[in-house]
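Student: structure, please.
(one chain, ligands or ions: 1)
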Amino acid sequence: MSHQIIKDLEKRYTSKHYDASKRISQEDLDVIYQALRLSPSSINSQPWKFVVIESETAKQRFQDSFANKFQFNKIRSKDASHIILLAHKTHYTRENFAKVVDKGIKDGRTKAENREQAFGSFAFAEMNTDENGDTSHWTKAQTYIALGNLMHTLARLGIDSTPMEGVTMNC
Ligand SMILES: Cc1cc2nc3c(=O)[nH]c(=O)nc-3n(C[C@H](O)[C@H](O)[C@H](O)COP(=O)(O)O)c2cc1C
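Tutor: Predicted coordinates:
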C-alpha cells in the first residue's frame, strides 16, 4: 500500500539505542507537544500530565528509577534526546473536571449558562470510580490514547521512539 500513513507506520519501530549527538529540534518539539495536548479523552477529562525530561539531572533520576526493576529498559533511554512521561491521575474528581468545564467556557466551547448541564457527563467518571475514589483503570486508558497519538506523530516526523510501561517516579 502506498499511502503516506502506511509508509510512516511501516517505518516506525521500537528503538533500542539512541545516538547521543542527535537532538529533537524545537520546531518538532512544538508539534509533538501540541499533538499531545490535542489528544481526545472520555468526557474530555484530560486526566493526565505530560512530563518532559530534558536536563541531565532529570535524565539521571529517570535512569535511577530502573535500579530495582525493568533494568532492560535502562539502556533504551540512555542517550535519548527527550523522554516524555505520560502520567495518569489516580483519583480524578469533580474538581478536576470543573477545570475542564471552565476552560471550555473560557474558550467558547460551552456557554456559561450551560455550566451545570456540562457536569452531566461526569457520570462516566463516577461510573469508573471505586469505593476508595480510585479511577486508575479509566484514567490510565485515556493516557494510552495520548500515547498512540504521540507515537503516530513521531512516526510522521521521522523521529525514533521507545514506548515503555511501568515507570514509577515522584514528579
Ligand atoms: C504500551 C507499550 C509498552 C511497551 N513497553 C516496552 C518496554 O517497556 N520496553 C521495550 O523495549 N519495548 C516496549 N514496548 C515496545 C513493544 O515491545 C513493541 O512495540 C512491539 O514489540 C512491536 O515492535 P515495534 O514497535 O518495533 O513495531 C512497548 C510497547 C507499547 C505499545
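Student: show me where the chain has strands.
Tutor: Using DSSP state E, the strands of the chain run over 48-53, 83-88.
Student: run the angle between the last one and strand 48-53 for me.
Tutor: To tie it back to what came earlier, the one meant is strand 83-88. 160 degrees (axes from the mean of the first three to the mean of the last three C-alpha atoms, to 10 degrees).
Student: strand 83-88 and the ligand, are they touching?
Tutor: No: using C-beta under 6 Å from any ligand atom, strand 83-88 never reaches the ligand; the gap is at least 9.8 Å. C-betas here are computed from N, CA, C, even on glycine.
Student: other SSEs contacting that strand?
Tutor: strand 48-53, helix 136-157 (3 or more C-beta pairs under 8 Å, 6 or more residues apart in numbering; DSSP states H and E).
Student: nearest to the ligand, out of the ones you listed?
Tutor: helix 136-157 (6.3 Å; C-beta to the nearest ligand atom).
Student: re earlier: need the helices and strands packed on strand 83-88 in JSON lines with distance to the ligand, mean pLDDT and mean neighbour count, can you?
Tutor: Listed next are those as JSON lines, based on distance: least, C-beta to the nearest ligand atom, whole Å; pLDDT from 0 to 100; neighbours: other C-beta atoms under 10 Å:
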{"stretch": "strand 48-53", "distance to the ligand": "15", "mean pLDDT": "96", "mean neighbour count": "16"}
{"stretch": "helix 136-157", "distance to the ligand": "6", "mean pLDDT": "98", "mean neighbour count": "18"}
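Student: out of those, flag the one nearest residue 94.
Tutor: Judged by C-beta to C-beta, the one of the helices and strands packed on strand 83-88 that comes nearest to residue 94 is helix 136-157, at 14.1 Å.
Student: quick one: list the elements packing against that closest one.
Tutor: Partner elements for helix 136-157 (3+ C-beta pairs under 8 Å, 6+ apart): helix 4-11, helix 26-37, strand 48-53, strand 83-88.
Student: hmm, who's touching the least confident helix or strand in the chain by mean pLDDT?
Tutor: Sorting the helices and strands of the chain by mean pLDDT, DSSP states H and E puts helix 74-77 at the bottom, at a mean of 85. For helix 74-77, the external contacting residues (C-beta atoms under 8 Å, 6 or more residues apart in numbering) are 15, 16, 17, 18, 59, 62, 63, 66, 83, 162, 164.
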